[in-house]
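Asker: model this:
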Amino acid sequence: MQQVISVWVRDPRIQKNDFWHAYIDYEICLHTNSVFFTKKTSRVRRRYSEFVWLRQKLQANSLLMVQLPQLPPKNPFFSLNNAQQVADRMKGLQKFLEKILLSNLVLSDSCLHLFLQSQLSVSKIEACVAGKTSFSVAQAVHSSTLRRFHSEEDLQRDLSVPCDSDSDSSECREPRHKNKDMVLNKSKSQPDLI
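Answerer: Okay, here's the model as predicted:
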């Protein structure tokens, strides 16, 4: 059977930390039959700075064996209210994910799986991968819901509920715009990721 990984970056939302500080996060939907993923569908929200962290982590973990694609550039004049800038960044983030998902080396990285399929913060992802949490990578992925874990107790509470690995309460729905679909076909040869 041909392995397919479909990923969408969509639904930008402004999140306010307080009156003066806000940022945009994006929904990442993943649907796959790939053997690299035990959870076949997922939905998470991530912000641009988390993509920057992911790229740095993946590059460091691949020991320079893979040259990762660039992220859309950080724009000092980026406006949360400029729909074109938001759309351009969203497209760039999706292209980044599409390209990295072509590499078996990158697909074997636990940081990628936690980034795409858990709501853990970057610091919790690092702790989990380093074995410094009471839960495993697989447990964090399978207990994921569309919210961030605020504490280890929240995650433990979610882990106490049995989950079926074939189902996911936060399944991706079909994208609203077919032109935003991207199906990545895994083949035996690995293309250049640049």
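Asker: Strands along this protein, start to end?
Answerer: Secondary structure of the chain by DSSP state E: the strands cover 4-16, 22-32, 41-47, 183-185.
Asker: Dump those to CSV, plus mean pLDDT, mean neighbour count and distance to Pro76.
Answerer: To be clear about C-beta, it is placed using only N, CA and C from the backbone, and glycine gets the same treatment. Shown next, in CSV, are these (pLDDT from 0 to 100; neighbours: other CB atoms under 10 Å; distance: least, CB to CB, whole Å):
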stretch, mean pLDDT, mean neighbour count, distance to Pro76
strand 4-16, 95, 17, 18
strand 22-32, 96, 19, 15
strand 41-47, 96, 20, 17
strand 183-185, 38, 13, 32
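Asker: okay, the ones you listed in a markdown table with distance to Ser103 next?
Answerer: Shown next, in a markdown table, are the strands of the chain (distance: least, CB to CB, whole Å):
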| stretch | distance to Ser103 |
| --- | --- |
| strand 4-16 | 11 |
| strand 22-32 | 15 |
| strand 41-47 | 19 |
| strand 183-185 | 10 |
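Asker: Of these, which is nearest Leu97?
Answerer: strand 4-16 (4.9 Å; CB to CB).
Asker: Which secondary structure elements does that closest one sit against?
Answerer: Packing partners of strand 4-16 (3 or more CB pairs under 8 Å, 6 or more residues apart in numbering; DSSP states H and E): strand 22-32, helix 83-100, strand 183-185.
Asker: about what we covered before: quick one: which of the strands of the chain is nearest Asn75?
Answerer: The nearest among those, by CB to CB, is strand 22-32 at 12.2 Å.
Asker: angle of the closest one against strand 4-16?
Answerer: 160 degrees (axes from the mean of the first three to the mean of the last three CA atoms, to 10 degrees).
Asker: Starting from strand 22-32, tell me which strands it pairs with and how they run.
Answerer: Partners of strand 22-32 in the sheet, by DSSP bridges, are strand 4-16 (antiparallel), strand 41-47 (antiparallel).
Asker: of all the helices and strands packed on strand 4-16, which lies closest to Leu68?
Answerer: helix 83-100 (6.2 Å).
Asker: name the helices or strands packed onto the closest one?
Answerer: So helix 83-100, by 3+ CB pairs under 8 Å, 6+ apart, packs with strand 4-16, strand 22-32, helix 48-61.
Asker: what's the angle between the shortest one and helix 83-100?
Answerer: When the same axes, to 10 degrees is applied, the directions of strand 22-32 and helix 83-100 differ by 40 degrees.
Asker: Centre of the chain to strand 22-32, how far?
Answerer: Mean C-alpha position of strand 22-32 versus that of the full chain (CA atoms, centre = their mean, to the nearest Å) differs by 7 Å.
Asker: Can I get it in PDB? Just the C-alpha atoms.
Answerer: Written as PDB, here are the backbone C-alpha positions of strand 22-32 (Å, rounded to 0.1, in the frame of the first residue of the first chain):
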ATOM      1  CA  ALA A  22      -0.800  39.100  20.900                       C
ATOM      2  CA  TYR A  23       0.300  36.500  18.400                       C
ATOM      3  CA  ILE A  24      -1.200  34.300  15.700                       C
ATOM      4  CA  ASP A  25      -1.300  30.600  15.900                       C
ATOM      5  CA  TYR A  26      -2.300  28.200  13.100                       C
ATOM      6  CA  GLU A  27      -4.000  24.900  13.100                       C
ATOM      7  CA  ILE A  28      -2.000  22.000  11.700                       C
ATOM      8  CA  CYS A  29      -4.000  19.000  10.500                       C
ATOM      9  CA  LEU A  30      -2.400  15.700   9.700                       C
ATOM     10  CA  HIS A  31      -3.900  12.700   8.100                       C
ATOM     11  CA  THR A  32      -1.800   9.700   7.200                       C
END
